[in-house]
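> test case, fold it:
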Amino acid sequence: MRKLLLLLFVVPLLFACGPADDDADIYTPKPQAYFRIDLPKRTYSRYTASCPYSFEFPNNAAVSVDSSRKAEPCWVNIDYPTLRARIYLSYKNVDGKDAIKKLLEDTRSLVYKHTVKADDIGEKAFIDDKKKVYGNMYEIGGNAASNVQFFVTDSTRHFLRGALYFNCPPNADSLAPVISYIKEDVVKIMETMEWK
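Residues are numbered from 1 along each chain as shown. Presented below is the predicted three-dimensional model:
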């Protein structure tokens, strides 16, 4: 009796399956991927305000005065609305040799706070003796909250620090093309910086 019941259940199951050579009905899941990001072409405009600096910024971004509670005069943000990114720029007037040392050390400590999530931190020096613009750009690898930070100074009176942040969870793989794109804008900011 058991054999008959087993046969009654197994035979219909064998006939319920389609032919083995019918590949059209077989589903293969697609591997995980990231959305394609179309990056805009670059054109630049000069940002000038009542602040003691000016620089060129990309036209697909907008510069606005920082309105946060702790903002100081001449702090501005460069927003990339389509890329959900922002570069925070904070300006400090330097008064004395000790002040520049403290600002440089503060910048370095803020960069190296990201070592918990960073794979590596690279530094690139920037020197323009003609315009008296000196600085460093820090490239922070991995899933750090900020992947690009920089500062520029004339080493006597002016100091401007910048940090790139995204309005999304950090994911180095998916953000890599956007980080690379904005990093070129950061280089442009540093190269076109002029003190008043």
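
> which of the three states applies to the closest residue to residue 178 other than its chain neighbours?
Nearest non-adjacent residue to residue 178, counting by CB to CB, 6 or more residues apart in numbering: residue 83, 5.3 Å away. For every residue, glycine as well, the C-beta is placed using N, CA and C. Three-state assignment for residue 83 (DSSP: H, G, I helix; E, B strand; the rest coil): coil.

> I figured residue 83 hits residue 179, correct?
No: at 9.9 Å, residue 83 does not count as touching residue 179 under the criterion of CB atoms under 8 Å.

> for the helix or strand where residue 119 lies, packing partners?
Here residue 119 is covered by strand 118-128, with elements defined by DSSP states H and E. With contacts taken as 3 or more CB pairs under 8 Å, 6 or more residues apart in numbering; DSSP states H and E, strand 118-128 sits against strand 133-142, helix 172-192.

> now with 6 Å, please.
Contacts defined by 3 or more CB pairs under 6 Å, 6 or more residues apart in numbering; DSSP states H and E place strand 118-128 against strand 133-142.

> my reading is that residue 41 lies in a strand. Confirm?
No: with three-state DSSP as the criterion, residue 41 is coil rather than part of a strand.

> burial of it, as a residue count?
Applying other CB atoms under 10 Å, we find 7 other residues in the vicinity of residue 41.

> do you know how far it is from residue 181?
Look at residue 41 and residue 181: by CB to CB, to the nearest Å, they are 11 Å apart.

> what do you get for residue 136?
Here the criterion is CB to CB. By it, residue 136 lies 20 Å from residue 181.

> same thing with residue 37?
Taking CB to CB, one finds residue 37 at 8 Å from residue 181.

> go on, residue 104?
28 Å.

> over to residue 125?
Distance from residue 125 to residue 181, by CB to CB: 22 Å.

> which residue ranges of the chain form strands?
Assignment of strands within the chain using DSSP state E yields the ranges 44-48, 53-58, 62-65, 76-80, 85-93, 118-128, 133-142, 148-153, 158-166, 194-195.

> give me the buried positions along stretch 102-119.
Using 16 or more other CB atoms under 10 Å as the test for burial, stretch 102-119 gives 103, 104, 107, 111, 114, 118.

> just put those in TSV and tack on distance to residue 69.
Shown next, in TSV, are those (distance: CB to CB, whole Å):
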residue	distance to residue 69
103	21
104	26
107	22
111	24
114	24
118	28
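
> of those, which belong to helices?
Among the buried residues of stretch 102-119, the ones falling in helices (DSSP state H) are 103, 104, 107, 111.

> check the third one and give its pLDDT.
Looking at residue 107, its pLDDT is 94.

> who's in contact with it?
Taking CB atoms under 6 Å, 6 or more residues apart in numbering, we find residue 107 in contact with 151, 161.

> repeat that with 10 Å
90, 135, 136, 138, 149, 150, 151, 153, 159, 161, 162, 163 (CB atoms under 10 Å, 6 or more residues apart in numbering).
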